[in-house]
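Asks: predicted coordinates and the sequence they were generated for:
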Amino acid sequence: MSCLVAASSAPASAEPGSFDLINKKDGSRLALLDNNTAAEGAFANSLRDPNWKYSTEEWTSQVVSGRLSDGTHNRVLRNVAANKCLQPMTDSPARGMRVVVKTCNGSEIQTWNLAPETRSDTNSPWQIWRPHVDKSLALTIDMYGNGSWNTLYLDTSYPSSDRLWALRPNDQPWR
């Protein structure tokens with residue numbers, strides 16, 4: 001799959017603007033641990049404390065496919081500051097595995113399948129972010145430390161609030 005044109009340029013099908021990826025359970029924002037933009041394989045985390053303002057909490061989103069027959073769709077998430085894409089730590093994702101950013105390369109391991117949370121046959125704005133290569137897993141927060149940030153890992157895919165995320169315009173109130 002060659003959906004990304006190059007790591008240094010924006011994909012042709014990228015949505016305009018930049019985004020925050022917000023977790024439903026605690027409102028934390030997806031970022032990179034220690035605001036690390038240099039390391040290949042830097043760990044992703046989520047920031048809960050509003051005083052933590054990282055350049056790495058800004059992302060661009062590329063739609064890889066239209067709505068699929070199961071009601072889901074696929075995206076690639078690129079960190080603006082690091083210019084790297086979100087993916088499981090290795091090419092063989094498993095429960096408990098951490099999530100990292102690596103140089104964008106168009107591989108399926110960097111593609112996420114988004115399944116909407118559904119209530120009474122209506123989709124909410126919250127989605128389960130699942131690795132395209134293993135939809136039985138989901139991006140999940142793990143409460144950690146002093147409560148100001150979370151580590152992220154893969155766990156079983158189901159619609160609990162620690163596994164639900166919403167993509168929203170960067171640093172903007174919800175409308």
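Replies: Arrived safely.

Asks: and the lowest-mean-pLDDT helix or strand in the chain, how far out from the chain middle?
Replies: Here the helix or strand of the chain ranked lowest by mean pLDDT, DSSP states H and E is strand 137-144, holding a mean of 90. Mean-position distance between strand 137-144 and its chain equals 11 Å (C-alpha atoms, centre = their mean, to the nearest Å).

Asks: what does stretch 70-77 give?
Replies: 11 Å.

Asks: buried residues in it, which are they?
Replies: 72-77 (16 or more other C-beta atoms under 10 Å). C-beta here means a position set from N, CA and C on the backbone, and glycine is covered the same way.

Asks: just these now: which is nearest Asn45?
Replies: Top of the list for closeness to Asn45, among the buried residues of stretch 70-77 and by C-beta to C-beta, is Leu77 at 14.4 Å.

Asks: checking my notes, that closest one in a helix, right?
Replies: No: assignment of Leu77 by DSSP: H, G, I helix; E, B strand; the rest coil gives strand, placing it outside any helix.

Asks: if I look at the closest residue to it other than its chain neighbours, how far off is Val133?
Replies: Once flanking residues are discounted, Leu77 sits nearest to Leu86: 4.4 Å by C-beta to C-beta, 6 or more residues apart in numbering. According to C-beta to C-beta, to the nearest Å, Leu86 stands 13 Å off from Val133.

Asks: out of these two, which sits in the more crowded spot?
Replies: Leu86 (27 against 18; other C-beta atoms under 10 Å).

Asks: in a strand, the more buried one, correct?
Replies: Yes: applying three-state DSSP, one finds Leu86 inside a strand.

Asks: surely it touches Asn79?
Replies: Yes: using C-beta atoms under 8 Å, Leu86 is in contact with Asn79, at 7.1 Å.

Asks: which neighbours do these two have in common?
Replies: 59, 101 (C-beta atoms under 8 Å, 6 or more residues apart in numbering).

Asks: how many neighbours does Ser136 have?
Replies: Counted with other C-beta under 10 Å, Ser136 comes out at 13.

Asks: that one and Glu117, how far apart?
Replies: 17 Å.

Asks: cool, His73 as well?
Replies: Taking C-beta to C-beta, one finds His73 at 14 Å from Glu117.

Asks: and if you look at Pro125?
Replies: For Pro125, the distance to Glu117 - C-beta to C-beta - is 8 Å.

Asks: quick one: which of these two has more around it?
Replies: Glu117 (19 against 14).
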